[in-house]
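*Asks:* My questions are about this predicted structure, shown below with the sequence.
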Amino acid sequence: MSERVCFLMQVRADRLEEYLTVHETVWAEMLQALSETGWRNYSLFVRKPDGLVVGYLETDDYAAAQRRMAETDVNTRWQATMAPYFEGLDGPDGQLRPDEGSLRLEEYFHLD
């Protein structure tokens, strides 16, 4: 059974248009790595007035998919490229990567 995952991230309002432009041409190797590490049906949505990003994906095991993705070189490079676009990446041990700074939402209802 697939795990459905929804999460929030906050893009800096002054960088939003540039952030969206970058996503028009996501690196082919990044797309391949996402698929190979178990990310399926992955979508990002944005609320343009304030840069709120909502992500949704399906996977067999989210923790394992995140761990496998974090081990790839392309993810390291992508996260470094994306970090300047996001707010709220301060962690207890310094700066978080964007994929570490997302807030996962709890699913409480689903209709097939």
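*Replies:* Yes, it's here. These numbers were taken from a predicted model, which means no experiment stands behind them.
*Asks:* Contact partners for residue 101?
*Replies:* Counting by Cβ atoms under 8 Å, 6 or more residues apart in numbering, residue 101 touches 9, 86, 88-89, 91. C-beta here means a position set from N, CA and C on the backbone, and glycine is covered the same way.
*Asks:* one more time with 6 Å, if that's ok
*Replies:* With contacts defined as Cβ atoms under 6 Å, 6 or more residues apart in numbering, the neighbours of residue 101 are residue 89.
*Asks:* As a check, name the ranges of all helices in this protein.
*Replies:* Per DSSP state H, the chain carries helices over the ranges 16-22, 28-36, 62-70, 73-82.
*Asks:* Can I get the first one in CSV, CA atoms only?
*Replies:* What follows is helix 16-22 as a C-alpha-only set of coordinates in CSV (Å, rounded to 0.1, in the frame of the first residue of the first chain):
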residue,chain,number,x,y,z
LEU,A,16,9.1,33.3,-5.9
GLU,A,17,9.1,34.0,-9.7
GLU,A,18,12.7,32.9,-10.0
TYR,A,19,12.0,29.7,-8.0
LEU,A,20,9.0,28.9,-10.3
THR,A,21,11.2,29.5,-13.4
VAL,A,22,13.8,27.1,-12.1
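*Asks:* mean confidence for it?
*Replies:* Helix 16-22 carries an average pLDDT of 97.
*Asks:* circling back: the helices of the chain: which one's closest to residue 2?
*Replies:* Closest to residue 2 of the helices of the chain, according to Cβ to Cβ: helix 62-70, at 10.0 Å.
*Asks:* From the chain's centroid, how far away is the closest one?
*Replies:* The chain centroid and the centroid of helix 62-70 are separated by 12 Å under Cα atoms, centre = their mean, to the nearest Å.
*Asks:* ok, back up a step: dump the helices of the chain into a markdown table; add distance to residue 52 and mean neighbour count as well.
*Replies:* Below are the helices of the chain laid out as a markdown table (distance: least, Cβ to Cβ, whole Å; neighbours: other Cβ atoms under 10 Å):
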| stretch | distance to residue 52 | mean neighbour count |
| --- | --- | --- |
| helix 16-22 | 10 | 14 |
| helix 28-36 | 22 | 14 |
| helix 62-70 | 21 | 16 |
| helix 73-82 | 16 | 15 |
